[in-house]
Structure formats: structure tokens, C-alpha cells
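K.L.:
show me the folded form of this:
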Amino acid sequence: MTTIKDIARISGYSIGTVSRVINNRADVSEEAREYDENISVQFIGETDNEVETAARIITYLKPKGIIFLGGYIDAFRHDFSQIHLPCVLVTNDARDFGFDNLSSFTTDYFDAGKHVVNRLLSRGHTRIGILGGYPEDPGREYKNGKVLGAVEALRENGILFDFDRDYEPCSYSAESGYKALEILFRRSPDLTAVFALSDSIAFGTIRALKDLGLRVPEDVSVIGFDGLTYANYSIPRLSTIRQDTAGLAKKSVDDLLMRLSYGGEAVHELIPYEYIEGESVAVNRKS
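P.N.:
Numbers count the residues shown, from 1 in each chain. Model prediction:
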């Protein structure tokens, strides 16, 4: 379920500020109000079809435009033609879909996934597990850019990734990450590193490893994804890919408002990421 925390994370504002904007409170700064537009936030389930939901919303809310915070790629590719409003897709790349009313701003997930695995390979890790994705339809997750980039980095180093053995889908929460790690290590106890597709999954992963009697990073290295502030306070501090959430939010809002006011073609842009070296990765010393 998309929550107010997700909106705060992608916008770069605090949860309190986002709440005040949603509820049209008077104590919001001019910077959050300067565009003089009303905001309606719709929460849907993690596995719901965002495009079908948007099509229903359009019939009764009559929005000027829509910003989608992520979603299934196939839903946009096959269903978006029914939407004719200016829209922006955040955290997914829509450049190949062919819709002139759909902009997109995203991190280069494929490159970031490769970067994570190459970091682990440089520390001697060749038995790497991957956690994340929706268990209701794990086949779709194979199209996830992070996963594909990770698999490609392994392939370039002569290592074939076995999805049945070393990949465990889960939703993007610490609780799901904890459970998924337990399942993964029952199947592949020889793994020396784990790539968690979100920091929340990584937090659950680290706790699960400790409860299994394994140390991070001495026994198993862990890398997350997102760059949440909480990663600075985990024990050990989490190594992670930090997305430029403020940049993603600003470019998305600016693009939509520009096209609402002046028209213009859709824009597609990859926003740079940053690897944050924490304390959760060590050299693999297992033979």
C-alpha cells in the first residue's frame, strides 16, 4: 500500500508537511503552494493496476494531470492509451512506450543494479542472493531493472544467476524482508551476500541474519536500495544506493505544471544515483 511516508520520501518533504498539503492546511510554506494547484492523493495496493485505477478516478475527480509514483510497466504499456491527460511516471522509464502525454523521471535502475553487484564482486562475493518484488507475480519482477542489472553484472563475470535458488520475492517492508531472508537461506545457506531491492527489505534482512546466528558483514554482506535516512542509524550502517528523491520530485512536478500551462512534448530523464558506503559490506573470506 502506498503511504504518506512514500510520498514524503519521494518529495523530499517531511511527513508532517505532506499531510498538511494533502489536507489543505493554511500553515504550509509558499514554496509548497507557489503553483496554486490543488492536490488529491490516492492510495492503492502494491499490486493494483495504477492505470486502471487512474482511469476510474478521472471519471469523477476530473483532474488536470496525474503523477504516478511507480507501478507495473506492463500496465502502462498496455493500458495507458485510455488516458489522455498530461501525466508523469516517477521511478519508471516510459520513453519506449510511445505516449506523448506521459513523461518519466527515474533512477537508472539497470545501471544501479550492476553497480551493486560489481561492488560485491570486487569484495570477492560470487554467491549473491536477491530479495524483493511482488510474490503474487514473481515472473514480472524479472523485468525489474535492478534485478536485470544485477544479473547482467554476474553474467559479465561468468556467473549465471539461478532465480529458483537465489532469488526470493517479497513486498517492500522490513517484515517481508525478514521472512524472505529466512526462506532464501533455507534454500541457499552458502550465500555470502544479499542485494535487497529496498532499504526496508535490507533492515529486515539484517535482523533475520542475526537471528540465524550470522553476522553482518563478517558472515554475510548486505546492500540496500533507496538511501533512506534510517540507513545511517542501523547497526551496522547500511551500504545502499541513494536515489535523488528531491530531484525526482522537483523535475516531475515542474514538468507536469509546465505542460499543463504551456503544452509540449513528454520528457524522459534518468536522474543520477549515488552509492553510499556504509558498514554492511566486507571482503568475503570464505573459501
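
K.L.:
by contact count, what packs against the longest helix belonging to the chain?
P.N.:
The residue-count maximum for a helix in the chain (DSSP state H) belongs to helix 245-262. Contacts defined by 3 or more CB pairs under 8 Å, 6 or more residues apart in numbering; DSSP states H and E place helix 245-262 against helix 4-11, strand 66-69, strand 87-90, strand 102-107, strand 268-271. Any C-beta I mention is one placed from the backbone N, CA and C, and that applies to glycine too.

K.L.:
check the offset of that helix from the chain's centre.
P.N.:
The chain centroid and the centroid of helix 245-262 are separated by 19 Å under CA atoms, centre = their mean, to the nearest Å.

K.L.:
equivalent analysis for stretch 63-75, please.
P.N.:
Counting by CA atoms, centre = their mean, stretch 63-75 comes out at 14 Å from the chain centroid.

K.L.:
going forward can the numbers begin at 43, since that is how I track them
P.N.:
Yes, from this point I'll number from 43; that puts the last item at stretch 105-117.

K.L.:
can you list the buried residues in it?
P.N.:
105, 107-115, 117 (16 or more other CB atoms under 10 Å).

K.L.:
same check on stretch 278-285?
P.N.:
278, 280-285.

K.L.:
repeat for stretch 248-262
P.N.:
Those buried within stretch 248-262 under the rule 16+ other CB under 10 Å are 248-251, 256, 258-259, 261-262.

K.L.:
and what of stretch 197-204?
P.N.:
residue 203.

K.L.:
pLDDT on it, on average?
P.N.:
What stretch 197-204 shows for mean pLDDT is 97.

K.L.:
what's in contact with that stretch?
P.N.:
163, 168, 172, 192-193, 196, 209 (CB atoms under 8 Å, 6 or more residues apart in numbering).

K.L.:
is it possible to export those residues to CSV including secondary structure and distance to residue 225?
P.N.:
Formatted as CSV, these follow (DSSP: H, G, I helix; E, B strand; the rest coil; distance: CB to CB, whole Å):
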residue, secondary structure, distance to residue 225
163, helix, 24
168, coil, 21
172, strand, 13
192, helix, 19
193, helix, 20
196, helix, 21
209, strand, 11
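
K.L.:
relative to residue 236, which of those is nearest.
P.N.:
The nearest member of the contacts of stretch 197-204 to residue 236, counting by CB to CB, is residue 172 at 7.4 Å.

K.L.:
partners of the closest one in the sheet?
P.N.:
Assessed by DSSP bridges, residue 172 has beta-bridge partners residue 209, residue 237.

K.L.:
and it, how many neighbours?
P.N.:
Neighbourhood size, residue 172 [other CB atoms under 10 Å]: 29.

K.L.:
looking at it, it is touching residue 240, isn't it?
P.N.:
No. At 11.8 Å, residue 172 does not count as touching residue 240 under the criterion of CB atoms under 8 Å.

K.L.:
any chance of TSV for the contacts of stretch 197-204, columns distance to residue 267?
P.N.:
Below are the contacts of stretch 197-204 laid out as TSV (distance: CB to CB, whole Å):
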residue	distance to residue 267
163	17
168	21
172	11
192	10
193	15
196	17
209	15
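
K.L.:
show the buried residues in those residues.
P.N.:
Applying 16+ other CB under 10 Å to those flags 163, 172, 192-193, 196, 209 as buried.

K.L.:
make CSV out of these and add distance to residue 305.
P.N.:
Shown next, in CSV, are these (distance: CB to CB, whole Å):
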residue, distance to residue 305
163, 47
172, 42
192, 40
193, 40
196, 45
209, 44
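
K.L.:
all helices of the stretch 43-192 of the chain, in order?
P.N.:
For the stretch 43-192 of the chain, applying DSSP state H, counting those that start in this stretch gives helices covering 46-53, 57-64, 72-75, 92-103, 115-121, 151-164, 180-183, 187-198.

K.L.:
pick out the most distant pair among the contacts of stretch 197-204.
P.N.:
So, these by CB to CB: farthest apart are 163 and 209, at 17.3 Å.

K.L.:
now residue 93, nearest residue through space, not along the chain?
P.N.:
In space, and not counting its chain neighbours, residue 93 is closest to residue 121: 4.2 Å by CB to CB, 6 or more residues apart in numbering.
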